[in-house]
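**Student:** Give the three-dimensional model of this entry:
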Amino acid sequence: MKATLRCLLYNPSNEDFDLISDMMNHFCKAKHFAYKRLEENRFTEGFKIHELSKIVSENYGLNSRQSKDAVEQARQTMISQVQLLNLRITEYEGKVEKLLKKFDKGVKLEQRHGLITKLDKRLRKLCTYLTHKTNNTLPSVIFGGKENFYNRCKGTISKEDYQLRRNNQFVSRGDKTKKGNPNLRIVIKDTNIYLEITTLESTTKETRLKSDGSVTKSKITYKKILTPIYIPQKLSKKTGKINGFNYKNKLLMQVVNENPYQVELLLRDGKIYAHVTFELEKTEVTNNCHNFIIGIDTNPDGLALTMIDNKGNYKWHYYLKNTELLTASSTRRVNLCGELAKSVVWASKTYGCGIAVEDLKFINDKDVHSKIARKTSQFCYRLILTMLESACYKNGVEFIKVKPQYTSKIGLYKYCHQYGMDVHNGAAMVIARRSYGFKEKVPKLYKGFFKPIPIIKDGKLTYTNTTYSNEWSNWFNVSARFKMILQKDCYPGFVIKNRKDIRDMILA
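**Tutor:** So this is what the prediction gives:
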């Protein structure tokens, strides 16, 4: 697992600041040029990337390593655009399908005009993306941000200001053979930490004649500057000790051991930040899933925890709730997610067990009401799980991902009434059991859903068997029958509260 530290170049001189800004300007222009060439020659046979690196180096005055980094950044941008194109097609196909289903069910007259307008917009978007897919092209990329581009078109920002926001990056990849990083190297001198930057200014050592008659080769030497760098580290106000994980020490160990690390320079608000990315050493797993495991169901307002043993038996459940996740700012939400991850890891280390979560992939493929859209847009599922996985990695806790199909439905219909849990803790129990490989059989109470159904086919009375060998198909059938019986009342709160009445309805 990789970690990224957001460092800061501490008070660089005006000369150094100008040199770094000039490097960023050349690097970003080289990246934009490389992206266009890669996009044009995406399906061209015989096109070689190393030849493009030589062209970039000659045109923009970069050394060989810098030009390769620029081309690699452009290549990664193109790969992300290809993935985004496929994702957008999937999303808009789902949105169009959902809208067409609404028309099939019947739409009120006052809603019809708005839905037709929305469907027309979705179809135009889908046709645009499908056209790109058919023609093997990619949507246009606006380097520097769409908002800055539109502001420049309106004239609200100057050309110089726009160019400064557009060309504000410099990336140097790590290399083990080059003792860490060849162009942006962290140097430790007399307990001080510096960033050694290889600039674009160079001097050429001319050839000279040796005494034996041979001629020396001309050699280009690039100017290097040393700039103090601040590596953040949080210290306790009471004890003076480090709070949390010691990232600074881990980074300096990578530097001392000459392990590779990537450095990205960013110019923002007149300050130059250095994002240093390095590989974390994996901590030995001391809390595994041999005896117990905690299943976790992720929700917009917190985490549901349910613990079971290795035989699938229930032990306890708890809900880590924090409604501030729905209303807090983005930076505050990051801190809250970190606190939740810390609490989960503490519980895991207390009981000496592992953690199991759902491996969900959220796709924005449906149009929903504004209230639901606001909640889902603020649902920081990926952030919570990323922090949780990172915390488990660093603290030696086993982390398992399982498939998410029907976890909430199985927990609601099978475990909630039995152990007095809500639907989220019931889903967490199903997640924990699934991590051990247990199958979820349908209870006897719901066997009536699988009785043969008489149908008339070709004028003859036949019976269809609704029992399937697939576990998920059976639970899909149970869920569909509940929806048919309860109609609009088929939601978790009603099912848990009126379970006895629903049971009598099923048995009848």
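**Student:** Starting from His275, give me the distance back to Ser435.
**Tutor:** The gap separating Ser435 from His275 is 35 Å, by Cβ to Cβ, to the nearest Å. C-beta here means a position set from N, CA and C on the backbone, and glycine is covered the same way.
**Student:** Which of these two has more residues huddled nearby?
**Tutor:** Neighbours per residue, other Cβ atoms under 10 Å: of Ser435 and His275, the larger number sits with Ser435, 21 against 15.
**Student:** Go ahead and confirm the more buried one touches Ala356.
**Tutor:** Yes: using Cβ atoms under 8 Å, Ser435 is in contact with Ala356, at 3.7 Å.
**Student:** any common contacting residues for the two?
**Tutor:** In terms of Cβ atoms under 8 Å, 6 or more residues apart in numbering, Ser435 and Ala356 are both contacted by the residues Cys289, Ile293, Gly295, Ile400, Val402.
**Student:** Let me have those residues in TSV, extended by secondary structure and neighbour count.
**Tutor:** Output for the shared contacts of Ser435 and Ala356, formatted as TSV (DSSP: H, G, I helix; E, B strand; the rest coil; neighbours: other Cβ atoms under 10 Å):
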residue	secondary structure	neighbour count
Cys289	coil	20
Ile293	strand	28
Gly295	strand	30
Ile400	strand	18
Val402	strand	19
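**Student:** how about the nearest residue to Lys401 once chain neighbours are set aside, what does it touch?
**Tutor:** Excluding the flanking residues, the one nearest Lys401 by Cβ to Cβ, 6 or more residues apart in numbering is Asp359, at 3.9 Å. Residues in contact with Asp359, defined by Cβ under 8 Å, 6+ apart, are Lys401, Val402, Lys403, Pro404.
**Student:** From the contact counts, what lies against the strand or helix carrying Gln73?
**Tutor:** Per DSSP states H and E, Gln73 falls inside helix 64-105. Using 3 or more Cβ pairs under 8 Å, 6 or more residues apart in numbering; DSSP states H and E as the contact criterion, the elements in contact with helix 64-105 are helix 14-40, helix 49-60, helix 109-134, strand 169-172.
**Student:** Tell me how far the residue nearest in space to the middle of the chain lies from Val402.
**Tutor:** Centroid-nearest residue in the chain: Arg382, 5.8 Å away (criterion: Cα atoms, centre = their mean). Shown here: Arg382 relative to Val402, a distance of 17 Å by Cβ to Cβ.
**Student:** same thing with Thr117?
**Tutor:** Distance of Thr117 to Val402, computed by Cβ to Cβ: 41 Å.
**Student:** now do Ile410
**Tutor:** Taking Cβ to Cβ, one finds Ile410 at 12 Å from Val402.
**Student:** Now for those two: what residues contact both?
**Tutor:** By Cβ under 8 Å, 6+ apart, no residue touches both Ile410 and Val402.
**Student:** Can I get whatever helix or strand Ala3 lives in in PDB, CA atoms only?
**Tutor:** Assignment of secondary structure by DSSP H and E places Ala3 within strand 2-9. Taking C-alpha atoms only, strand 2-9 is exported to PDB below (Å, rounded to 0.1, in the frame of the first residue of the first chain):
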ATOM      1  CA  LYS A   2       1.200   3.500  -0.900                       C
ATOM      2  CA  ALA A   3       1.000   6.600   1.300                       C
ATOM      3  CA  THR A   4       1.200  10.300   0.200                       C
ATOM      4  CA  LEU A   5       2.600  13.100   2.300                       C
ATOM      5  CA  ARG A   6       1.700  16.700   1.500                       C
ATOM      6  CA  CYS A   7       4.900  18.600   2.100                       C
ATOM      7  CA  LEU A   8       5.700  22.300   1.500                       C
ATOM      8  CA  LEU A   9       8.800  24.000   0.100                       C
END
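**Student:** Which strands and helices lie in contact with it?
**Tutor:** With contacts taken as 3+ Cβ pairs under 8 Å, 6+ apart, strand 2-9 sits against strand 219-230, helix 247-256, strand 271-279.
**Student:** And for the first one, what's in contact with it?
**Tutor:** For strand 219-230, the external contacting residues (Cβ under 8 Å, 6+ apart) are 7-12, 16, 19-20, 63, 186-187, 192-205, 274.
**Student:** of those, buried ones?
**Tutor:** In the contacts of strand 219-230, burial by neighbour count holds for 7, 9, 12, 16, 19-20, 63, 186, 193-198, 200, 274, counting by 16 or more other Cβ atoms under 10 Å.
**Student:** Arg503 reaches Leu445, doesn't it?
**Tutor:** Yes: taking Cβ under 8 Å as the definition, Arg503 is a contact partner of Leu445 at 6.5 Å.
**Student:** How about stretch 121-138, which residues are buried there?
**Tutor:** By neighbour count on 16+ other Cβ under 10 Å, the buried set for stretch 121-138 is Arg122, Lys125, Leu126, Tyr129, His132, Leu138.
**Student:** where's it relative to the chain centroid, distance-wise?
**Tutor:** Centroid separation between stretch 121-138 and its chain, computed with Cα atoms, centre = their mean, to the nearest Å, is 25 Å.
**Student:** Scan the protein for its longest strand.
**Tutor:** Determined from DSSP state E, the single longest strand within the chain is strand 192-205.
**Student:** Just the C-alphas of that one, formatted as PDB.
**Tutor:** Coordinates of each C-alpha in strand 192-205 appear next as PDB, following Å, rounded to 0.1, in the frame of the first residue of the first chain:
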ATOM      1  CA  ASN A 192      17.900  19.600   8.000                       C
ATOM      2  CA  ILE A 193      15.800  18.300   5.200                       C
ATOM      3  CA  TYR A 194      16.100  19.700   1.600                       C
ATOM      4  CA  LEU A 195      14.700  18.900  -1.800                       C
ATOM      5  CA  GLU A 196      17.300  18.700  -4.500                       C
ATOM      6  CA  ILE A 197      15.700  19.900  -7.700                       C
ATOM      7  CA  THR A 198      17.300  19.300 -11.100                       C
ATOM      8  CA  THR A 199      16.400  22.400 -13.200                       C
ATOM      9  CA  LEU A 200      16.300  22.900 -16.900                       C
ATOM     10  CA  GLU A 201      19.400  25.200 -17.000                       C
ATOM     11  CA  SER A 202      22.400  23.200 -18.300                       C
ATOM     12  CA  THR A 203      26.000  23.600 -19.300                       C
ATOM     13  CA  THR A 204      27.700  21.500 -21.900                       C
ATOM     14  CA  LYS A 205      31.200  20.200 -21.400                       C
END
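**Student:** So which elements touch it?
**Tutor:** Using 3+ Cβ pairs under 8 Å, 6+ apart, the elements in contact with strand 192-205 are helix 14-40, strand 184-189, strand 219-230.
**Student:** how many degrees apart are the longest one and strand 219-230 in direction?
**Tutor:** Relative orientation of helix 14-40 and strand 219-230, computed by axes from the mean of the first three to the mean of the last three Cα atoms, to 10 degrees: 110 degrees.
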